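K.L.:
I'd like to go over a predicted model; first the sequence, then the structure.
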Amino acid sequence: MNAAQDAAKDAAQDAIRDGHPRLAVVQPQGFPFNTGRALDEVERWSREAARQGADLVLFPEAFLGGYPWGLRFGTVLGGRTEAGRRLFQRYRNAAITVPGPETQRMCELAAELDITLAVGVVERDRYPGAATLYCTLLLLGSDGSILGKHRKVKPTAAERLVWGEGDGSTLPVVDTPLGRVGGLICWENYMPMARMALYGKGVEIYLAPTADARDRWQATLTHIALEGRCYVLGCNQIVHRGDFPSHEDVAAELAEAPEILCRGGSAIYGPDGSCLAGPLYDETGLLLVEMDPGAIHRGKLDFDVVGHYARPDLFQLEVDETPRPPVRYRGMPESPSHD
């Protein structure tokens with residue numbers, strides 16, 4: 001570690017000790033199907049964020065593996081094509097396992113930079129014989145560990161063609177030196193009960209990586225900040241048609257797609273719903289804000305979604321966090337891993 005990195009770590013620790021950690025979102029260029037290049041970008045941007053004093057750094061939905069804008073994988077209702085199956089194979093090859101070599105590299109990076117790192121990935125199921133992919137948010141600690149992962153519980157629209165559904169065992173809110181961190185992915189954030197599951201665990205730093213670049217997404221982020229009285233980090237990426245590989249199966253499906261597939265819109269909101277940074281459109285970049293933990297508690301004077309506004313005498317939510325592997329074997333020491 002060089003002198004500049006030492007200074008960055010010292011500054012970050014000073015901020016935490018002062019009670020004002022720094023939160024960052026990265027809006028990078030996307031590299032669909034090119035996991036190695038995307039992983040290099042995670043390292044490059046993380047180092048820059050740490051240099052600027054960030055304590056937590058968030059990357060977009062499906063950044064490792066790629067969000068498949070414009071692709072239909074050869075499907076229509078009632079039909080599939082061999083070209084589409086080949087395309088799915090390519091997409092599966094770009095996915096990562098958790099844990100695996102890619103998570104190891106990111107864990108080591110988080111430990112070196114002394115940051116909490118959150119990255120959207122396309123995850124390949126490790127269950128024996130399975131080939132299902134998941135849209136997953138990984139949370140990696142400054143101690144070099146995997147703090148938690150969240151699998152998207154409801155892929156939206158055509159996403160259901162290539163992504164499976166996560167179960168209740170991956171809805172973590174974890175304690176970090178910065179506060180309690182958790183999140184949902186893209187349109188999961190429109191699910192009131194999913195949000196309430198996180199509020200019930202005391203989320204203070206709410207991560208909302210997305211692929212939705214429309215202006216109205218900002219209203220969603222504002223609402224969550226006000227509802228949860230938490231810091232909300234919205235994160236997206238910049239993707240052009242030319243960022244996809246030039247393979248004929250990909251090119252054929254993207255032939256009619258617009259040149260700009262995603263224009264970003266990353267932003268950070270405070271517990272009072274105010275926009276603290278962004279939204280950032282049409283360019284890559286880094287947004288950084290200083291967090292005031294006291295603002296979370298001050299905001300609950302007049303609205304506390306799991307306190308005096310909850311009305312448990314009228315409304316109750318039950319969340320089933322039981323892992324749901326497809327096969328359970330009685331009499332064996334343990335069932336095959338479904339992590």
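P.N.:
Thanks, I have the structure now. Numbers count the residues shown, from 1 in each chain.

K.L.:
residue boundaries of the strands in the chain?
P.N.:
Applying DSSP state E to the chain gives strands spanning 22-27, 56-58, 116-124, 133-140, 146-151, 173-176, 179-183, 205-209, 231-235, 238-240, 260-269, 275-281, 285-290.

K.L.:
skipping adjacent residues, who's closest to residue 304 in space?
P.N.:
Once flanking residues are discounted, residue 304 sits nearest to residue 229: 7.1 Å by C-beta to C-beta, 6 or more residues apart in numbering. C-beta: built from backbone N, CA, C; applies to glycine.

K.L.:
where does the one you found land on pLDDT?
P.N.:
pLDDT recorded at residue 229 is 98.

K.L.:
the one 4 residues further on now?
P.N.:
Per-residue confidence (pLDDT) for residue 233: 98.

K.L.:
all helices of the stretch 101-250 of the chain, in order?
P.N.:
Taking DSSP state H, counting those that start in this stretch as the test, the helices found in the stretch 101-250 of the chain are 101-113, 192-199, 217-228, 248-254.

K.L.:
and the last one, what's buried?
P.N.:
With burial defined by 16 or more other C-beta atoms under 10 Å, the residues of helix 248-254 counted as buried are 249-250, 253-254.

K.L.:
how far off centre is that helix?
P.N.:
27 Å (C-alpha atoms, centre = their mean, to the nearest Å).

K.L.:
just the first one next, same as before
P.N.:
Here helix 101-113 shows a centroid-to-chain-centroid distance of 16 Å under the convention C-alpha atoms, centre = their mean.

K.L.:
before we move on, the earlier item: in a markdown table: the helices of the stretch 101-250 of the chain, plus distance to residue 66.
P.N.:
Compiled in a markdown table, the helices of the stretch 101-250 of the chain are given as follows (distance: least, C-beta to C-beta, whole Å):
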| stretch | distance to residue 66 |
| --- | --- |
| helix 101-113 | 14 |
| helix 192-199 | 24 |
| helix 217-228 | 20 |
| helix 248-254 | 11 |
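
K.L.:
wait, which of those is closest to residue 151?
P.N.:
helix 192-199 (12.2 Å; C-beta to C-beta).

K.L.:
now the closest one: buried residues?
P.N.:
194-199.

K.L.:
just for this protein, where's the confidence low?
P.N.:
1-18, 332-339 (pLDDT under 70).

K.L.:
longest helix of it?
P.N.:
For the chain, the helix that runs over the most residues, judged by DSSP state H, is helix 35-51.

K.L.:
could you check that one and say which residues are buried?
P.N.:
35, 38-39, 41-42, 45-47, 49-50.

K.L.:
in a markdown table: those, plus distance to residue 23.
P.N.:
Formatted as a markdown table, the buried residues of helix 35-51 follow (distance: C-beta to C-beta, whole Å):
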| residue | distance to residue 23 |
| --- | --- |
| 35 | 26 |
| 38 | 22 |
| 39 | 22 |
| 41 | 19 |
| 42 | 17 |
| 45 | 14 |
| 46 | 14 |
| 47 | 17 |
| 49 | 10 |
| 50 | 13 |
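
K.L.:
out of the residues you listed, who's nearest residue 88?
P.N.:
The shortest gap between residue 88 and any of the buried residues of helix 35-51 belongs to residue 35, at 15.6 Å (C-beta to C-beta).

K.L.:
for the closest one, give its distance to residue 83.
P.N.:
Computed as C-beta to C-beta, to the nearest Å, the residue 35 to residue 83 distance reads 22 Å.

K.L.:
residues contacting the closest residue to residue 191 other than its chain neighbours?
P.N.:
Closest residue in space to residue 191, ignoring its immediate chain neighbours: residue 154 at 6.8 Å, by C-beta to C-beta, 6+ apart. Residues counted as contacts of residue 154 (C-beta atoms under 8 Å, 6 or more residues apart in numbering) are 165, 187-188, 191.

K.L.:
which one of these has the most neighbours?
P.N.:
Counting neighbours by other C-beta atoms under 10 Å, residue 188 leads the contacts of residue 154 with 21 neighbours.

K.L.:
returning to that earlier point: and the buried residues of helix 35-51, which is closest to residue 266?
P.N.:
residue 45 (11.9 Å).

K.L.:
tell me the bridge partners for the closest residue to that closest one other than its chain neighbours.
P.N.:
Nearest non-adjacent residue to residue 45, counting by C-beta to C-beta, 6+ apart: residue 26, 4.4 Å away. Residues in a beta bridge with residue 26, per DSSP bridges, are residue 286.

K.L.:
correct me if wrong: residue 26 contacts residue 52.
P.N.:
No: the criterion here is C-beta atoms under 8 Å, and residue 26 misses it with residue 52 at 11.2 Å.

K.L.:
neighbour count winner among these two?
P.N.:
Using other C-beta under 10 Å as the criterion, residue 26 and residue 52 rank with residue 26 on top: 26 against 14.

K.L.:
for that one, give me its contacts.
P.N.:
Listed by C-beta under 8 Å, 6+ apart, the contact partners of residue 26 are 45-46, 49, 57-60, 235, 266, 285-286.
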